[in-house]
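*Asks:* no sequence for this one, just the structure:
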Ligand code: GLN
């Protein structure tokens with residue numbers, strides 16, 4: 001069966017693990033570099049990207065993660081996970097680094113304090129006709145989309161909140177907490193294709 005890792009340093013990794021198990025995947029929490037060797041795909045959860053970055057570097061995971069991403073491992077990042085996957089981060093904490101991979105610029109905490117958290121419905125054609133109910137929690141936006149990345153979803157004001165690039169997928173919002181399984185399904189299809 002498929003083995004999907006969930007980066008379990010910090011954040012809502014349990015929620016992702018639950019959805020992936022419901023969809024039939026074998027889930028491995030990832031905390032050490034050697035655990036990356038046995039997975040077919042990886043989810044980077046929501047949480048706090050500056051803390052996740054610090055822990056990843058402290059535990060020697062950052063370089064192996066970058067190598068895995070470069071090597072074509074399918075990775076899906078939500079919110080803080082999207083920030084970790086961005087090539088460039090605006091408004092990061094002092095010294096904050098990302099793993100990179102997605103040819104995008106993201107802005108952290110892009111919605112200010114008034115609307116730090118909100119919910120909305122998004123049309124995401126690749127996931128079918130039914131709109132996606134999306135929950136944003138101190139979320140980032142994709143401020144610039146490079147030539148290698150593709151926007152999958154935009155807000156009414158035109159700001160991009162979901163992207164795809166080859167084996168990489170990222171959303172500003174949290175499908176793992178709303179019972180929305182289509183993003184994880186879409187991701188598992190990438191994992192299946194890459195594992196063949
Ligand atoms: N604001 C957080 C960060 O900068 C992301 C919030 C989230 O993952 N819900 O990492």
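*Replies:* Thanks, I have it. Owing to the predicted nature of the structure, the values given are computational and were not obtained by experimental measurement.
*Asks:* which residues of the protein score low on pLDDT?
*Replies:* Low-confidence segments of the chain, defined by pLDDT under 70, are located at 114.
*Asks:* need the strands for it, in chain order.
*Replies:* Counting by DSSP state E, residue ranges of the strands within the chain are 3-7, 26-30, 41-44, 75-78, 86-90, 102-107, 117-122, 132-137, 141-145, 150-154, 160-165, 168-171.
*Asks:* Residue numbers of the chain in contact with the ligand?
*Replies:* Proximity of the chain to the ligand is confined to 46-49, 79-80, 83, 108-109, 137-138 under the rule Cβ under 6 Å from any ligand atom. No exception for glycine: its C-beta is placed from N, CA and C like everyone else's.
*Asks:* Tell me which of the strands of the chain lies nearest to residue 196.
*Replies:* Taking Cβ to Cβ, strand 41-44 is the member of the strands of the chain nearest to residue 196, at 12.7 Å.
*Asks:* Now do the closest one: everything it contacts.
*Replies:* With contact meaning Cβ atoms under 8 Å, 6 or more residues apart in numbering, strand 41-44 is reached by 2, 4-7, 13, 16, 20, 30, 36, 52, 65, 68, 73-78, 80-81, 84-85, 184, 187-188, 190-191, 194-195.
*Asks:* Check stretch 118-131 too.
*Replies:* Residues beyond stretch 118-131 that count as contacts (Cβ under 8 Å, 6+ apart) turn out to be 111, 132-136, 152-156, 161-162, 164, 182-183, 186.
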